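Visitor: Have a look; sequence and predicted model below, questions after that.
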Amino acid sequence: MLLVMKPLVYIETSVVSYLASRPSRDLVTAAHQELTRQWWDERSQHFELVISELVEQEATRGDAAASRERMATIEHLAILSMDDDAVLLAEHLVASGLVPRESAADALHIAVAAVNGVDYLLTWNHKHIANASHRHRIEAVVEEVGYACPVICTPEELMED
C-alpha cells in the first residue's frame, strides 16, 4: 500500500493572529480574517500544519488574552526548530537586501520553512514574505543556497485543490 503524505504547510504568525483575533472594523483586515477562518475550517485538514519556535515566540507577545487565544490556536501543531542552517539562510536573505535587517524574523520564517522541506508557507505578510515583486528573488536566493523554496502564499491562494 502506498502511503501518501499530506503537503506540509508552515503557518506564519500573521495567519495565527488573524485566526485568533476579534473581527476587525477595517474592511481589508476583516476580509483576510474571514478568508483565514474559511481556509482553516475547510482546507487545513488536507495539509500537515507546522509552525516554528519563532511563531510560538511571536504569538506570546502583546495582550495577555489575545496571546492565550493565539497559543490555543497553535498548541496542537508540530514545531520546527530554528537550527544553524535556517539562521544562515535567513542571513543570506537579509544580506541580499530582500528582507531588511530590522525585519530579520521574516527572513527566518522563510528559512525555517525551506530548510525543513515545507511545501507551502502560509502568510498575510505582504511586506517582506508574500511580496509579489520579491517572491521570485526570494526563491532564487533560497535555491542558490541549496534548498527548495516553499510556495509562499496567502490562505486565499491555497483555498482550492
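Guide: Noted; the coordinates are in hand. Residues are numbered from 1 along each chain as shown.
Visitor: Can you give me every residue that contacts residue 140?
Guide: By C-beta atoms under 8 Å, 6 or more residues apart in numbering, the contact list for residue 140 is empty. All C-beta atoms are positioned from the backbone trio N, CA, C, and that covers glycine.
Visitor: ignore the last one, residue 48
Guide: 5, 6, 7, 8, 9, 78.
Visitor: Roughly how far does it sit from residue 32?
Guide: 23 Å (C-beta to C-beta, to the nearest Å).
Visitor: any idea whether residue 147 is helix, strand or coil?
Guide: coil (DSSP: H, G, I helix; E, B strand; the rest coil).
Visitor: All further residue positions should be reported with the first residue as 35.
Guide: With the count now opening at 35, the last piece we talked about shows up as residue 181.
Visitor: Skipping adjacent residues, who's closest to it in space?
Guide: residue 148 (4.2 Å; C-beta to C-beta, 6 or more residues apart in numbering).
Visitor: show me what contacts that neighbour?
Guide: Residue 148 touches 120, 123, 176, 181, 182, 183, 184, counting by C-beta under 8 Å, 6+ apart.
Visitor: rerun at 10 Å
Guide: Residue 148 sits next to 44, 119-120, 123-124, 127, 155, 172-173, 175-177, 179-184 when contact means C-beta atoms under 10 Å, 6 or more residues apart in numbering.
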